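Asker: Give the three-dimensional model of this entry:
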Amino acid sequence: MIVLKISNASEVVASKVGKFLERLTPDSIDHATVEDQVIKKMIENLAAEGIKGEIAAINGLDLEGEDLSVHKELKVRKHSTF
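Answerer: Next up is the predicted model:
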């Protein structure tokens, strides 16, 4: 299993839509938007290589260094099979 944590979602959104619009959107929307785009590109690239699998965006996990914390509100936000 691979875990990917995106730590600069707000900066990515700001660079794409501008600082003013980024300030108007909550960080949770920024993270979801960036995660969705990363998932889309990962699926495209992995499928092009013939790799099959599943990918999910999960709320309630926290990765800090080598520690992975699971919170009680663990929820699959998005799931795709490729």
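Asker: Tell me which helix or strand comes right after the least confident helix or strand in the chain by mean pLDDT.
Answerer: The weakest-scoring helix or strand in the chain, judged by mean pLDDT, DSSP states H and E, is helix 19-24 (a mean of 62). From helix 19-24 onward toward the C-terminus, using DSSP states H and E, the following helix or strand is helix 27-48.
Asker: what kind of secondary structure is residue 5 in?
Answerer: Look at residue 5: counting by DSSP: H, G, I helix; E, B strand; the rest coil, its state is coil.
Asker: Any idea how many residues pack against it?
Answerer: 11 (other Cβ atoms under 10 Å). Yep, even glycine has a C-beta here, placed from its N, CA and C like the rest.
Asker: Could you pull up phi and psi at it?
Answerer: phi -110, psi 120 (degrees, to the nearest 10).
Asker: got a pLDDT number for it?
Answerer: For residue 5, the pLDDT comes out at 87.
Asker: okay but it is in contact with residue 67, surely?
Answerer: No - in this structure residue 5 lies outside contact range of residue 67 using Cβ atoms under 8 Å: 11.7 Å.
Asker: gap between the residue nearest to the spatial centre of the chain and residue 55?
Answerer: The centroid of the chain falls nearest to residue 35 when counting by Cα atoms, centre = their mean (2.5 Å). Distance, residue 35 to residue 55, by Cβ to Cβ, to the nearest Å: 10 Å.
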